[in-house]
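**Q** no sequence on hand, only this structure:
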DNA sequence: TTGAAAGCGCTAACAT
DNA sequence: ATGTTAGCGCTTTCAA
């Protein structure tokens, strides 16, 4: 930057000012500075800037795993939106592990990030106290309805479960099942189950639940379905914790010649790209996966703008039931 | 850090040394420092450290979109592996846009990253010269066989296309089709097409190609298939640019009552989670999506270790043909 | 093994 | 609108 200043014939602080707020520098010098920057291919040193101003243009984001298509979609819009505003994403996988989450929060904090984004409400005790001690804007995403540390953008998985329960009851299904990845690998699937079970039971129905041995696995979903139907042939509808599980269930039905929805109704969660196109088209619930990214960015940017107002914002983005022929 | 030093009764530079290389500090002072760190909940300021040492523990990663499941899988292992080594990932979406890529490279460079990871070999002219001017270790991933800027971890999409061509020819399919997302949205699908077409034509076969209007869309894939088969009913096999497209094609066959592989053989690319489980199970090619992440990390860490040796490493991780009943 | 001193490249008062 | 001055919180010689 010194070089740029020398070549442009101005002082370093003028260059710095020009780079940050160009309109506070005279047109004439602005041009000279721009020319010098181009000539030297000057790139500012972000770390020096961050150190001097004691704030950075970094947003730390923690997700269980990047490769979960829901979070990946959210990250996509979040990155886009924040990049437009001049921020960059430091991403970490917690792998469903509170210790790793704590370690990640610690290392993100050491960057003095402008903001932090975390998935869900479950955090370790020490993580929570680090978060509360700092005054870094925080958004918890992909959930709603439980006590939050700061801002929230998500929806209620409990209500989602209830929504499907109501739908199945309306269509006359009472003897139902729920097939899910292991709850320890997907806490929010557990919440959907709770809502679903309570909804069905309030309607005098019954729910049989099966957890896969780990994360989503279409083959294992098919196996579990077969076992379930052998044990309890009266089951007439199954709510799958996500559309991938539902796909596995539908493949199994196809192999066994079980008509959907006549022999067995199937519902999912996610409205993935292929979901409208299955045979028959799958009834599902659409989560606001892109909107969450958008909303998280907006909450953060709003807070970063007017630094004073410490208004805690919590946004429930809701879900949509998409009724198709599988129920 | 001054506070820590005061409480521990040592100098700041001893604290700094202890934090970086604990075994060069006496056990006694080490203990005192550790106690002080705990008591104060001290978190080092990474930016100050980075500025002083003029290097950071950041690896910049550029992908077309995070939400592509192939890249997401790679990012997952890459993040895990690099986090274990004490690095963090700064992730950017290029959105298939060279201008955005350039802008991202520029802002990543301003962090003095320890390394950079990019997807594929196509970069803008100015991006290339920035990359070459800097001496930041660079890995280009997810492709192989073209001139690279530095290190490479990937596989040949051209060879992948040829592999499937050979397989289909062996099974007696000569009149074939290729259905793909728009090549401008997936350059590597275009490479697979090139390999496939040349392979089939060398075997005296024929390929009819159809591009979707944008990214992967199972519904549109079905529509394209119908049109294709109406125009040219003699087609007996279709190679889909990825397994999602193949899923759309299979749904369409199911709706129309076309037996797979009797009426139409189907092959895909990706070996996604559901692929072994379709009806019938789908023949596909398995790309080393996790291995790429692993290998990128290893190349980077090797280079970061022995800083002197500027050995350019290029790794072809290859693919596996997985033959199932759909062909 | 430890400490003192200098400085990494910028920003932020402040004075002009 | 521009320049001067003093740090930001560390790491890194270098000397002890």
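**A** Sure thing, it's come through. Note that the coordinates shown come from a computational prediction; the quantities given were computed from them, not determined experimentally.
**Q** so what touches stretch A:68-78?
**A** A:61, A:63-66, A:89, A:91, A:117, A:119, A:141-142, A:270, A:272, A:287, A:289-290, A:292-294, A:296-297, B:65-69, B:72, B:91, B:93 (CB atoms under 8 Å, 6 or more residues apart in numbering or on different chains). From N, CA and C alone the C-beta is placed, and that goes for glycine too.
**Q** oh, that last question was meant for stretch A:252-266, not what I typed.
**A** So stretch A:252-266 is contacted by A:168, A:171, A:173, A:221-223, A:225-226, A:229, A:235-238, A:240, A:246, A:249-250, A:279-280, A:282-283, A:325-327, B:254, B:279 (CB under 8 Å, 6+ apart).
**Q** buried ones in that stretch, by neighbour count?
**A** A:252-254, A:258, A:260-261, A:264-266 (16 or more other CB atoms under 10 Å in any protein chain shown).
**Q** where along the stretch 1-150 of chain A do the strands fall?
**A** Applying DSSP state E, counting those that start in this stretch to the stretch 1-150 of chain A gives strands spanning A:58-63, A:88-93, A:115-119, A:138-141.
**Q** so which of those gets nearest DNA strand D?
**A** With CB to the nearest atom of the strand, the closest approach to DNA strand D among the strands of the stretch 1-150 of chain A belongs to strand A:58-63: 15.7 Å.
**Q** related to what we said a few turns ago, reformat the buried residues of stretch A:252-266 as TSV; add secondary structure and pLDDT.
**A** Output for those, formatted as TSV (DSSP: H, G, I helix; E, B strand; the rest coil; pLDDT from 0 to 100):
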residue	secondary structure	pLDDT
A:252	helix	98
A:253	helix	98
A:254	helix	97
A:258	coil	98
A:260	coil	97
A:261	coil	97
A:264	coil	98
A:265	strand	98
A:266	strand	98
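**Q** which of those residues come close to DNA strand D?
**A** Among the buried residues of stretch A:252-266, not one lies near DNA strand D by CB under 7 Å from any atom of the strand.
**Q** out of those residues, who's nearest residue A:109?
**A** residue A:266 (44.4 Å; CB to CB).
**Q** so what's that closest one bridging to?
**A** Beta-bridge partners for residue A:266, by DSSP bridges, are residue A:238.
**Q** show the buried residues in the contacts of stretch A:252-266.
**A** The neighbour count (16+ other CB under 10 Å) marks A:168, A:173, A:221-222, A:225, A:229, A:235-238, A:240, A:246, A:249-250, A:279, A:282-283, A:326-327, B:254, B:279 as buried among the contacts of stretch A:252-266.
**Q** re earlier: so of the contacts of stretch A:252-266, which ones are in strands?
**A** Counting by DSSP state E, the contacts of stretch A:252-266 place A:237-238, A:240 in strands.
**Q** got CSV for those, with distance to residue B:191 too?
**A** Below are the ones in strands among the contacts of stretch A:252-266 laid out as CSV (distance: CB to CB, whole Å):
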residue, distance to residue B:191
A:237, 45
A:238, 41
A:240, 36
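**Q** which residues of the stretch 51-200 of chain A lie near chain B?
**A** A:51, A:56, A:58, A:65-69, A:72-73, A:75-76, A:79-80, A:83, A:88-93, A:95, A:104, A:106-112, A:130, A:133 (CB under 8 Å from any CB of the partner chain).
**Q** how about the residues of chain A near DNA strand C?
**A** A:1-2, A:12-13, A:16, A:19-20, A:42, A:44-45, A:48-49, A:51-53.
**Q** same for DNA strand D: which of these are within range?
**A** Restricting these to those near DNA strand D by CB under 7 Å from any atom of the strand leaves A:12-13, A:48, A:51-52.
**Q** on the three-state scheme, residue A:164 is what?
**A** Assigned state for residue A:164: helix (three-state reduction, DSSP: H, G, I helix; E, B strand; the rest coil).
**Q** now the buried members of the residues of the stretch 51-200 of chain A next to chain B.
**A** Looks like these have A:51, A:56, A:58, A:65-69, A:72-73, A:75-76, A:79-80, A:83, A:88-93, A:95, A:104, A:107-112, A:130 buried, using 16+ other CB under 10 Å.
**Q** from the chain's centroid, how far away is stretch A:290-306?
**A** Relative to the chain's own centre, stretch A:290-306 is displaced by 13 Å; criterion: CA atoms, centre = their mean, to the nearest Å.
**Q** then stretch A:247-265?
**A** Using CA atoms, centre = their mean, the mean C-alpha position of stretch A:247-265 is found 30 Å from that of the whole chain.
**Q** picking up where we left off before, which one of the ones in strands among the contacts of stretch A:252-266 is nearest to residue A:149?
**A** residue A:240 (31.5 Å).
**Q** tell me the spacing between the residue lying closest to the closest one once chain neighbours are set aside and residue A:264.
**A** With CB to CB, 6 or more residues apart in numbering or on different chains as the criterion, residue A:240 has its nearest non-adjacent residue at 3.9 Å, and that residue is residue A:246. Distance, residue A:246 to residue A:264, by CB to CB, to the nearest Å: 11 Å.
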